[in-house]
Structure formats: structure tokens, C-alpha cells
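Asker: How does the following fold in three dimensions:
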Amino acid sequence: QVQLVESGGGLVQAGGSLRLSCIASGRTFASYVMGWFRQAPGKEREFVAAVSWSGSMSLYVDSVKGRFTISRDNAKNTAYLQMNSLKPEDTAVYYCAAATTMQTIKNGNKYWGKGTLVTVSS
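Answerer: Sure, this is the predicted structure:
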């Protein structure tokens, strides 16, 4: 069992930056692939980014490539999502997730946090 708690959301103007954090407790953090998803009002939850156990490999949805960076600190049991050049269309509730592989973080069973709201004003 893994418990995930997100923080760092808020209101920011377009072009600004935010850093989201996800603190994990429970089983060994380093054994999980970590990911971020988001859900905008009226839309389905979508994959945003994922990082491998060691942090050496990452994946991104095309819409955030070059603007967002996912990372992790296994010593702190924490995953991060640095979001730069934010756009109004990035407005969503952002969820942290943990899974056993890079495949399952996108399409399989995973643990979820409760989310943190990011609002980007134009």
C-alpha cells in the first residue's frame, strides 16, 4: 500500500511557473514508477508525465514537452513536477500516481493521490 499526498498547486498567471510535489509513504518509494495526471473541468483524466525508479527515464505527453519536467528524490520519498510557461489550458486538478512499471503507470493499476488544483489565468 502506498499513500500519496500532493502539494504546490495554486493560481498563477499565464507564462508563470509552479512546482508540484508528491510525498509518498508506505512501501519502498524507490520500487515505484511515479507519474502525474491531470483532469480539467468536463474532461477525462489524462497522463502528463512519468519517471522511472531511478529517475533516469521519463515520459511526457506531447502538450507539455519542453515546458514540464518530472523528477524524483528517493531519499525524500518525493516526486516533483516543475511546470514552466504555463498556459490557461493547463488548468486542471493534478494527481500523483504510483505504479510498478512505466507501462502500468499509464494503463494499469496504480495508486492515486487526492489531487491539487492548478489554475492558470490568462
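
Asker: in this structure, which spans are helices?
Answerer: Here the chain has its helices, by DSSP state H, at 102-107.

Asker: Do you have the strands of it handy? List them.
Answerer: Assigned strands in the chain, in chain order: 2-7, 10-13, 18-26, 33-39, 46-51, 58-60, 68-73, 78-83, 92-99, 111-112, 116-121 (criterion: DSSP state E).

Asker: what would those strands look like in JSON lines with mean neighbour count and distance to I105?
Answerer: The C-beta positions use only the backbone N, C-alpha and C, and glycine is treated the same way. Formatted as JSON lines, the strands of the chain follow (neighbours: other C-beta atoms under 10 Å; distance: least, C-beta to C-beta, whole Å):
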{"stretch": "strand 2-7", "mean neighbour count": "18", "distance to I105": "12"}
{"stretch": "strand 10-13", "mean neighbour count": "13", "distance to I105": "25"}
{"stretch": "strand 18-26", "mean neighbour count": "18", "distance to I105": "13"}
{"stretch": "strand 33-39", "mean neighbour count": "24", "distance to I105": "4"}
{"stretch": "strand 46-51", "mean neighbour count": "20", "distance to I105": "5"}
{"stretch": "strand 58-60", "mean neighbour count": "17", "distance to I105": "8"}
{"stretch": "strand 68-73", "mean neighbour count": "18", "distance to I105": "11"}
{"stretch": "strand 78-83", "mean neighbour count": "23", "distance to I105": "11"}
{"stretch": "strand 92-99", "mean neighbour count": "23", "distance to I105": "4"}
{"stretch": "strand 111-112", "mean neighbour count": "16", "distance to I105": "10"}
{"stretch": "strand 116-121", "mean neighbour count": "17", "distance to I105": "18"}
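
Asker: so can I have TSV of those strands showing mean pLDDT?
Answerer: Output for the strands of the chain, formatted as TSV (pLDDT from 0 to 100):
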stretch	mean pLDDT
strand 2-7	96
strand 10-13	98
strand 18-26	94
strand 33-39	98
strand 46-51	98
strand 58-60	97
strand 68-73	98
strand 78-83	98
strand 92-99	98
strand 111-112	96
strand 116-121	98
